[in-house]
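**Q** curious how this folds, go ahead:
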Amino acid sequence: MQIWAIFWHIRTLTDQPIAISGVGLARIVPVIIFSLVSGVVADSYDRRTIIFITQSGAALLALILGLLTRWGHITIWYIYLLTALGAIVIAFDGPARAALIPNLVPAEHLANAFSLNSIAFDAGSVIGPAVTGFVIAASGQASVYIINAVSYVAVIIALILIGEIPQKIQLRANGMSLGSIREGIGFIVSKPIIFSSMILDFIATFFASASTLMPFVANDVLHVNVVAYGWLSAAQSAGAMTAAVVISQVHQLHKQGALFLGAVFIFGLATVLFGAATSFGVAWAALAVTGAADGVSTIIRNTIRQLQTPDEMRGRMTSVNQIFFQGGPQLGEFEAGAAAQLFGTPFAIISGGVGCMIGLGLILFKWPQIWRYDGDEPMLAGAGAD
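**A** Below is the predicted model of the structure:
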C-alpha cells in the first residue's frame, strides 16, 4: 500500500514527472551503500533476529510518515528522507530474508517454496494497491501509512511462530572484514549463470520501470480517479500471483533458462503495449502480463541463485544481487521520470520496453549458456562449469 500511496502523494504535491526520480534515488542510494555490508551481516548473525530489527524499524518509519501527513507537516523532501531511511532498512532486511528461505525447506522444494512466497507477496501486492485508492478517497493519504505501520505486527508474530532456524553462521572473527565482502563478489563473478541473471535483472527493470509513472498515466493519459489508479496499480501483482500459483503446482520445472529469457522478452513487449494504451482495460491487461512475466522470471532467477550458492555465502550473494534487482527499478525510476519530463509519459514507457528487449538480446549473446540451464544441475564448484 505504502509505495503506491507515495507515488500518488508525489503527484498531488507536484505535476512534474521528474519528482518521481527523487523517490528512485532515495530508494537506491542507501541500498548501494549498505548492501555489501548487509550481506556479511546476514551470513554472520542470526537472520531471524535481523528481520525482527528491520521490520520494527520499517514500522516506525511508516508511523512517522503517517503522522507527519496527518498533522499537515509533510513535504516532498520529508517523503524523500523517510524513503531513504526505509531503503537502509530494506538493505539489511533483503539478504537476511532471502537467505532464510533455503534454511526452511529442502533443495528439491525450493522452486515451489519461492512460488508460494511469491503468491503471498503478490496477494498482498494485489489487495494493497486496490485498497489504497479506497482508503485515500475515504479517509485521506495519512491513513495508508498508519495502516502499513500497524500491519507489521503480523510480521513480528510470524517471526515468533517460526521459532529457531538452523543456519551456518560464518566465523565472526572474519565476518565483517573486507575479505568477506571480496569473497562474496568473487563468488558471483566466477558463476556466469548467476552473474548473467543479475545483469539481465538490472537491464530489464531499469528500462521497463513503467509502474513509477502510474499516477501520471492515470491522471494525464487515462483520465481516471484515485480508485481506478489503485486497481491499475494492482494489475502487475495480479498477473504475478497467477503465474506463481501455476508454477507452485509444477512438480519440477525444466528448461528454466529458456523460460527465464522468454519471460523477460514478454515483459518488455507488454511494457510497450502499456505505454501505447489509451484505455483503462488495455492498460490493465498489459500490466497484468508484465506482472505474470516478471513473476516467472523472479521465481526462476531466485531458484537459480539460491541453489547455486552455499548457505554460508547466501547472504552476501543476495546482498550483491540486491544492488542489481533494486538498482534496476530505482535507477529506472530516475530515467523514466527524466524521459517523461522531456518527451512525455507514453514515450518514456514505450522506449523502456524496447530497451529491455534489446538488453535481453545482448545478454543472450554474451552468456548463451543461460539458455541451456535446465534447473536440475548440481551446485557448481567453479566458473568453468557454468
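**Q** can you give me the end-to-end span of stretch 96-113?
**A** Using C-alpha to C-alpha, to the nearest Å, the end-to-end distance of stretch 96-113 comes out at 16 Å.
**Q** show residues contacting it.
**A** 38, 41-43, 47-48, 50-51, 54, 114, 117, 162, 165-167, 247-248, 250, 252-253, 299-300, 302-303, 306-307, 311, 314-315, 318, 321, 375 (C-beta atoms under 8 Å, 6 or more residues apart in numbering). C-beta: built from backbone N, CA, C; applies to glycine.
**Q** swap in 7 Å and give it another go.
**A** In this structure, residues lying in contact with stretch 96-113 by C-beta atoms under 7 Å, 6 or more residues apart in numbering are 42, 47-48, 50-51, 114, 117, 165-167, 248, 253, 299, 303, 306-307, 311, 314-315, 318.
**Q** quick one, which of the residues you listed are buried?
**A** 42, 47-48, 50-51, 114, 117, 167, 248, 253, 299, 303, 306-307, 311, 314-315, 318 (16 or more other C-beta atoms under 10 Å).
**Q** now, the contacts of stretch 96-113 that are in helices?
**A** 42, 47-48, 50-51, 114, 117, 248, 299, 303, 306-307, 314-315, 318 (DSSP state H).
**Q** of these, closest to Val226?
**A** Asn117 (30.0 Å; C-beta to C-beta).
**Q** now name the helix or strand holding the nearest residue to Gln2 once chain neighbours are set aside.
**A** The shortest distance from Gln2 to any non-neighbouring residue, by C-beta to C-beta, 6 or more residues apart in numbering, is to Asn148 (4.5 Å). Element membership of Asn148 [criterion: DSSP states H and E] is helix 141-162.
**Q** and whichever helix or strand Arg27 is part of, what's buried?
**A** Per DSSP H and E, Arg27 falls inside helix 19-44. By neighbour count with 16+ other C-beta under 10 Å, helix 19-44 contains the buried residues 19-32, 34-44.
**Q** that helix - contacts with which helices or strands?
**A** helix 2-13, helix 76-104, helix 172-175, helix 178-189, helix 314-343 (3 or more C-beta pairs under 7 Å, 6 or more residues apart in numbering; DSSP states H and E).
**Q** hey, what's the angle from the longest one to helix 2-13? Just curious.
**A** Using axes from the mean of the first three to the mean of the last three C-alpha atoms, to 10 degrees, the interaxial angle of helix 314-343 with respect to helix 2-13 works out to 20 degrees.
**Q** how far off centre is helix 314-343?
**A** Relative to the mean C-alpha coordinate of its chain, helix 314-343 is positioned 9 Å out (C-alpha atoms, centre = their mean, to the nearest Å).
**Q** before we move on, what about the fourth one?
**A** Taking the mean C-alpha point of helix 178-189 and that of its whole chain, the gap between them comes to 23 Å (C-alpha atoms, centre = their mean).
**Q** what sits up against it?
**A** Residues external to helix 178-189 that are found in contact with it (C-beta under 7 Å, 6+ apart): Leu36, Gly39, Val40, Gln170, Asn174, Ile194, Phe195, Met313, Arg316, Met317, Val320.
**Q** swap the cut-off to 8 Å and go again
**A** Helix 178-189 has contacts (C-beta under 8 Å, 6+ apart) with 36-37, 39-40, 43-44, 170, 174, 194-195, 198, 309, 313, 316-317, 319-321, 383.
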